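1. After the sequence you'll find the predicted model.
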Amino acid sequence: MKIVDGLYGFLWRSASENNCNSFFIDGSKRILIDPGHRHLFQHVRRGLERIGVTTEQIDVVLVTHGHPDHFETAGSFGPSARWAMSRIDYEFVMEYLGAQTDLPQPAFFLQEGGLLIGDRDFLVIHTPGHSPGSVCLYWRQQKVLFTGDVVFNQSIGRTDLPGGSGRQLKESISRLAELDVEVLCPGHGDVVAGRENVRKNFKMIKDFWFSYL
Ligand SMILES: [Zn+2]
């Protein structure tokens, strides 16, 4: 599904299988955000094929955080593809999965600050709380925010998994709410489109969910 010019979402709607939403950004480099579980990857592959892109053409894979339903396929692209996540979550994955994962070393680490990939300009925001090294990606040119499992449509990420923290999640969400966002692309569930809808979503989350954190 096309979300805005140059941005496509492959949303996951199965109630019986846990996988994340994946997003593709077209530009001078082809970027895939959160490729998801390996055994469910055909969903993303088919979505890419529908817009004329093969997995071998992906240049950069960005992963929001260290949970398998987001990163598992990250190292499985063509030989020229580079993948990245935060150093904190990469080390966290190595600690809890160790030899059980064949995840290769990232080509680079995502860290707080600006990130230019080809002609696409991002701000990387460290947003711990759901996992210690979660990052959100703000695509500055289109004002699109990719939130991983920090914020969803009407909901928030779990804080009861290893390395989770309600206090940190609250601080992270408060930082995100300050951004000028036209489209919020979460790691699960529906996209929130329109500045006013994004604002209302943050307000609802603060009014309702913050009392649980
Ligand atoms: Zn997660």
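-> Ah, there it is.

2. Every contact and neighbour count from this point should use C-alpha atoms.
-> OK.

3. and Asp26, what does it touch?
-> Residues in contact with Asp26 (Cα atoms under 8 Å, 6 or more residues apart in numbering) are 6-7.

4. That should have said Glu171, apologies.
-> For Glu171, the contact set (Cα under 8 Å, 6+ apart) is empty.

5. tell me the pLDDT at it?
-> Per-residue pLDDT puts Glu171 at 98.

6. three-state assignment of it?
-> Classification of Glu171 by DSSP: H, G, I helix; E, B strand; the rest coil places it in helix.

7. Quick check: it vs Lys200, distance?
-> 18 Å (Cα to Cα, to the nearest Å).

8. quick one: the helices in this structure?
-> Applying DSSP state H to the chain gives helices spanning 42-50, 68-71, 87-97, 166-176, 195-208.

9. Surely Trp12 and Gly187 touch.
-> No. Under the criterion of Cα atoms under 8 Å, Trp12 is not in contact with Gly187, lying 9.1 Å apart.

10. Find the residues that touch each one of the two.
-> 20-21.

11. Give the burial count for the nearest residue to Phe23 once chain neighbours are set aside, as a bare number.
-> The spatial neighbour of Phe23 that comes closest, neighbours along the chain excluded (Cα to Cα, 6 or more residues apart in numbering), is Gly9 at 4.5 Å. If you count neighbours by other Cα atoms under 10 Å, Gly9 ends up with 21.

12. Next, the contact list for Gly9, please.
-> Counting by Cα under 8 Å, 6+ apart, Gly9 touches 1-3, 21-24.

13. one more time with 7 Å, if that's ok
-> Counting by Cα atoms under 7 Å, 6 or more residues apart in numbering, Gly9 touches 1-3, 22-24.

14. Buried by neighbour count, from the residues you listed: which ones?
-> 22-24 (16 or more other Cα atoms under 10 Å).

15. Reformat the residues you listed into TSV and put pLDDT next to each item.
-> Output for these, formatted as TSV (pLDDT from 0 to 100):
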residue	pLDDT
Ser22	98
Phe23	98
Phe24	98
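
16. Please identify which of those residues is nearest to Phe71.
-> Nearest to Phe71, judged by Cα to Cα, of the buried ones among the contacts of Gly9 is Ser22 at 10.5 Å.

17. List the beta-bridge partners for that closest one.
-> Counting by DSSP bridges, Ser22 is bridged to Phe10.

18. so what pLDDT did Gly36 get?
-> pLDDT, Gly36: 97.

19. so it sits right up against His67, yeah?
-> No. Shown here, Gly36 and His67 do not form a contact pair, counting by Cα atoms under 7 Å, at 9.2 Å.

20. And those two? Which one has more around it.
-> Gly36 (26 against 21).

21. where's that one relative to Gly118, distance?
-> Gly36 sits 23 Å away from Gly118, taking Cα to Cα as the criterion.

22. same question, Phe71
-> Counting by Cα to Cα - Phe71 and Gly118 are separated by 22 Å.

23. Distance from the chain centre to the helix or strand of the chain with the lowest mean pLDDT, please.
-> Ranked by mean pLDDT, DSSP states H and E, the helix or strand of the chain with the weakest confidence is helix 87-97, at a mean of 93. For helix 87-97, the separation from the chain centroid amounts to 17 Å (computed by Cα atoms, centre = their mean, to the nearest Å).
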